[in-house]
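Novice: just a sequence and a predicted model for now, questions to come.
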Amino acid sequence: MVVRTTEVPNPGPLLELLPEDHPMAWVRRGEGIVGWGQAARFDTIGANRFVAADRWWRRMVGTAVVRDEVRLPGTGPVAFGSFAFDDVPGSSSLVLPDTVVGHRSGRWWVTTIDVTGNLPGGAALPEVPPARRPLSVVYGDGSRSGTEWEGIVAEAVRRITAGELEKVVLARDLVAECPEPVDIRWPLQRLSAGYPHCWTFSVDGMIGATPELLVRRERGLITSRVLAGTIRRTGDDEHDLALAASLARSSKDLEEHEYAVRSVADALAPFCSSMNVPETPFVLHLPNVMHLATDLAGVSDSAGDGVTSLALAAALHPSAAVGGTPTPVALQVIREIEGLDRDRYAGPVGWMDARGDGEWGIALRSAEVSGARLRLFAGCGIVAGSDPAAELAESVAKLVPMRDALSS
Ligand SMILES: C=C(O[C@H]1C=CC=C(C(=O)O)[C@@H]1O)C(=O)O
């Protein structure tokens with residue numbers, strides 16, 4: 001594989017450079033990377049999916065000839081990846097685009113990749129037509145109706161009260177049907193404009209704007225944004241501020257949050273020589289909901305230096321934000337009662353470069369697109385005090401970003 005990264009003048013907003021066919025993206029506040037074309041891909045399933053993908057990537061970049069004149073995280077060869085939530089069912093993939101455009105701190109670059117061994121051509125970007133708005137969208141129940149899902153939440157509360165576990169994250173899906181295949185760039189551009197604090201992603205049909213960063217590895221620095229504890233926004237700013245204050249004081253939410261932070265810190269500890277874990281969370285304000293959030297940062301030690309960002313994501317997945325506590329019991333409860341094939345929802349999604357640096361989010365506030373049909377997902381952390389109707393309302397609020405992004 002021969003890879004060339006060249007610095008270019010500002011080519012305009014990254015998401016507007018994407019062609020309609022299989023666009024790949026990881027963008028936040030206008031920075032990040034977008035890619036298209038397919039130089040190579042690796043598909044895998046099962047419990048070994050992260051290890052197998054990591055091995056494939058190391059092999060691919062191990063023999064690559066790279067001419068990189070920018071040398072930033074995300075330059076040189078990069079793979080976009082999306083991984084199944086559970087060992088079964090679900091498929092996972094790493095995709096190596098043949099063209100990547102990136103933007104970071106006032107610098108822009110284009111990477112071209114050729115797996116036939118020829119030096120790829122220059123950095124000319126194709127003209128692309130603007131994104132097409134979906135003509136109409138008809139929503140229907142996914143695997144369970146809202147009422148059925150409330151019953152499932154009630155069953156989880158019963159099990160928690162009986163002492164089987166402390167917390168379980170239960171999810172539901174909604175099906176959206178359009179008259180013709182969706183131009184993914186339309187929702188991507190809307191998600192990125194409406195949710196600038198989130199990471200807007202598109203990998204192999206999995207799209208969304210996630211507020212939760214499972215892990216970022218960048219030149220020896222390992223960071224993670226942990227979320228747990230949610231409150232819906234009302235649209236009245238003053239009232240929302242009061243709600244944010246009550247969220248920051250809620251002992252139930254603080255306890256749940258503390259647990260989620262601890263589990264991430266414990267999972268990262270074997271790879272870090274030092275770690276900063278803030279004592280109190282901050283409130284992340286999103287247009288639809290507010291979350292308790294903590295940003296953790298660690299410095300990788302000699303063990304961490306040899307570990308890719310994907311391997312770190314594997315060590316963290318599934319976090320308490322998408323599984324529960326204790327994790328093995330929560331996963332078993334999800335398999336028994338949720339009645340949903342999560343596929344790649346709530347799995348790691350992101351990118352990785354040849355050094356193993358990269359960013360992996362959790363595929364939340366997301367949808368799986370297959371042509372004209374989409375499955376939209378939302379999940380909620382269920383604890384002893386959870387009220388099924390309130391959880392259903394929270395799931396509806398978490399579906400808002402994708403629903404809005406599909407409308408005009
Ligand atoms: C599982 C989801 O959200 C998680 C992330 C943040 C807060 C959550 C909560 O408070 O329930 C969830 O654990 C989802 O959006 O589908």
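Specialist: That came through, no problem.
Novice: so how far is Trp149 from Ser143?
Specialist: 9 Å (CB to CB, to the nearest Å). Where C-beta positions appear, they are placed from N, C-alpha and C, glycine not excepted.
Novice: shared neighbours of those two, anything?
Specialist: Shared contacts of Ser143 and Trp149, defined by CB atoms under 8 Å, 6 or more residues apart in numbering, are found at Arg172.
Novice: for the two, indicate the residue with more neighbours.
Specialist: Set Ser143 next to Trp149 and count neighbours by other CB atoms under 10 Å: Trp149 wins out with 25 against 16.
Novice: where does the nearest residue to the more buried one once chain neighbours are set aside land in three-state SS?
Specialist: Once flanking residues are discounted, Trp149 sits nearest to Arg172: 4.7 Å by CB to CB, 6 or more residues apart in numbering. Secondary structure, DSSP: H, G, I helix; E, B strand; the rest coil: Arg172 is strand.
Novice: what backbone torsions are found at the residue of the stretch 101-250 of the chain found nearest the ligand?
Specialist: Residue nearest to the ligand within the stretch 101-250 of the chain (CB to the nearest ligand atom): Thr230, separated by 3.4 Å. Dihedral pair for Thr230: phi -130, psi 150, per degrees, to the nearest 10.
Novice: contacts only, for it.
Specialist: Contacts of Thr230 (CB under 8 Å, 6+ apart): 253, 289-292, 380-381, 394, 398.
Novice: look at the residue of the stretch 1-150 of the chain at minimum distance from the ligand and say how many residues are nearby.
Specialist: Nearest residue of the stretch 1-150 of the chain to the ligand, counting by CB to the nearest ligand atom: Phe85, 10.5 Å away. A count of nearby residues for Phe85, using other CB under 10 Å, gives 26.
Novice: also Gly235?
Specialist: By other CB under 10 Å, neighbour count at Gly235 equals 9.
Novice: next one: Gln189
Specialist: Neighbours of Gln189 (other CB under 10 Å): 21.
Novice: just the buried positions in the one helix or strand it maps to, please.
Specialist: If you go by DSSP states H and E, Gln189 is part of helix 185-194. Across helix 185-194, burial judged by 16 or more other CB atoms under 10 Å covers 185-192, 194.
Novice: how about stretch 63-73?
Specialist: Neighbour counts over stretch 63-73 (16+ other CB under 10 Å) mark 64, 66, 68, 70, 72-73 as buried.
Novice: wait, Gln1 sits on Trp57?
Specialist: Wrong residue type there; residue 1 is Met, not Gln. No: if you go by CB atoms under 8 Å, Met1 and Trp57 don't touch, sitting 11.5 Å apart.
Novice: which of these two has more neighbours?
Specialist: Neighbours were counted for Met1 and for Trp57 using other CB under 10 Å; Trp57 has more, 25 against 19.
Novice: gap between that one and Val322?
Specialist: Noted for Trp57: a distance of 24 Å to Val322, by CB to CB.
Novice: and for Pro278?
Specialist: Separation of Pro278 from Val322 (CB to CB): 22 Å.
Novice: those two: who's more crowded?
Specialist: Neighbours were counted for Pro278 and for Val322 using other CB under 10 Å; Val322 has more, 26 against 12.
Novice: what about the closest residue to that one other than its chain neighbours, neighbour count?
Specialist: Closest residue to Val322 apart from its sequence neighbours, by CB to CB, 6+ apart: Ala346 at 4.0 Å. Applying other CB under 10 Å, we find 27 residues neighbouring Ala346.
Novice: could I get the buried residues of stretch 63-73 as TSV with pLDDT and distance to Leu241?
Specialist: Output for these, formatted as TSV (pLDDT from 0 to 100; distance: CB to CB, whole Å):
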residue	pLDDT	distance to Leu241
Ala64	95	51
Val66	96	49
Asp68	96	46
Val70	97	42
Leu72	96	38
Pro73	95	36
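Novice: is Ser224 in contact with Ala313, as I believe?
Specialist: No: taking CB under 8 Å as the definition, Ser224 is not a contact partner of Ala313, at 9.7 Å.
Novice: now list whatever residues contact both of these two.
Specialist: Here Ser224 and Ala313 share the contacting residues 214-215, scored by CB under 8 Å, 6+ apart.
Novice: of the two, who's got more company?
Specialist: More crowded of Ser224 and Ala313, by other CB under 10 Å: Ala313, with 29 against 26.
Novice: can you give me the helices for the stretch 101-250 of the chain?
Specialist: Counting by DSSP state H, counting those that start in this stretch, one finds helices in the stretch 101-250 of the chain at the ranges 146-161, 185-194, 237-249.
Novice: highest mean neighbour count out of these?
Specialist: Greatest average neighbour count among these goes to helix 185-194 (a mean of 22), per mean count of other CB atoms under 10 Å.
Novice: quick check, it touching the ligand?
Specialist: No: Helix 185-194 is not in contact with the ligand by CB under 6 Å from any ligand atom; minimum separation 13.6 Å.
Novice: roughly how far out does that helix sit from the chain middle?
Specialist: With CA atoms, centre = their mean, to the nearest Å as the basis, helix 185-194 stands 15 Å off its chain's centre.
Novice: which residues touch that helix?
Specialist: 15-16, 18, 20, 23, 25, 27-28, 30, 131-134, 198, 200, 202, 207-209, 287, 367, 401-402, 404-406.
Novice: for that helix, list the C-alpha coordinates in CSV.
Specialist: C-alpha atoms of helix 185-194 as CSV (Å, rounded to 0.1, in the frame of the first residue of the first chain):
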residue,chain,number,x,y,z
ARG,A,185,-24.8,13.4,4.0
TRP,A,186,-28.1,15.2,4.7
PRO,A,187,-28.5,13.9,8.3
LEU,A,188,-24.7,14.2,8.9
GLN,A,189,-24.6,17.9,8.0
ARG,A,190,-27.6,18.5,10.2
LEU,A,191,-26.3,16.5,13.2
SER,A,192,-23.0,18.3,13.0
ALA,A,193,-24.6,21.8,12.8
GLY,A,194,-27.1,21.0,15.6
